[in-house]
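**Student:** Can you look at this prediction? I've put the sequence above it.
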Amino acid sequence: MSASELAEAVKIAYRGILHDPIINVNISDYQKPRFTVSGQVAKPGQYELRADITITEALAVAGGMTTQTAKSQVFLLHRTSKEWYQVQKVDIGAIQKGKDMKADVFLKPNDMIFVPEKFISNFRKYVPYGAAIGAYLSASTSAVTF
């Protein structure tokens, strides 16, 4: 409700108790619109939606995607009701290359952006790798050694 709508609602609610009440409403604080960025970004969290902001701008506000582990395809979750979200897959790589600028949509209050982790970064957590590990051919035995 706006301040004037709230004043009118209070006036109607007290009509039976008060005769012609004069009601003034001053807003000292309100719940500001916000968006959330989570996953593979430098500073995941909730941010105020102060102006029109696109998905790529929101990712920049969250410190950018982590280059080593972040997938270039992110998910935009927009609440359509209390129980349902509309989920949209957005290819940030295509936007950055100028191929699909229409996908860089403006956020709405309570939208969430999720940046998933690359498969290879999950794989690397559990499998040892490095320069010392690999296959090489032994000259003396003509056999492959691991």
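**Tutor:** Structure received.
**Student:** switch to C-alpha atoms for all contacts and neighbour counts from now on
**Tutor:** Fine.
**Student:** Give me the distance between stretch 72-83 and the centre of its chain.
**Tutor:** Relative to the centre of its chain, stretch 72-83 is centred 9 Å away, using CA atoms, centre = their mean, to the nearest Å.
**Student:** Stretch 37-49 now?
**Tutor:** 6 Å.
**Student:** Quick check: buried residues in that stretch?
**Tutor:** Buried residues in stretch 37-49, counted by 16 or more other CA atoms under 10 Å: 37-44, 47, 49.
**Student:** same question, stretch 80-90
**Tutor:** Across stretch 80-90, burial judged by 16+ other CA under 10 Å covers residue 90.
**Student:** That stretch: end-to-end distance?
**Tutor:** Length of stretch 80-90, first residue to last, CA to CA, to the nearest Å: 18 Å.
**Student:** How far does that stretch sit from its chain's centre?
**Tutor:** In terms of CA atoms, centre = their mean, the centre of stretch 80-90 is found 12 Å from the chain centre.
**Student:** again, but for stretch 11-23
**Tutor:** Offset of stretch 11-23 from its chain centre (CA atoms, centre = their mean): 45 Å.
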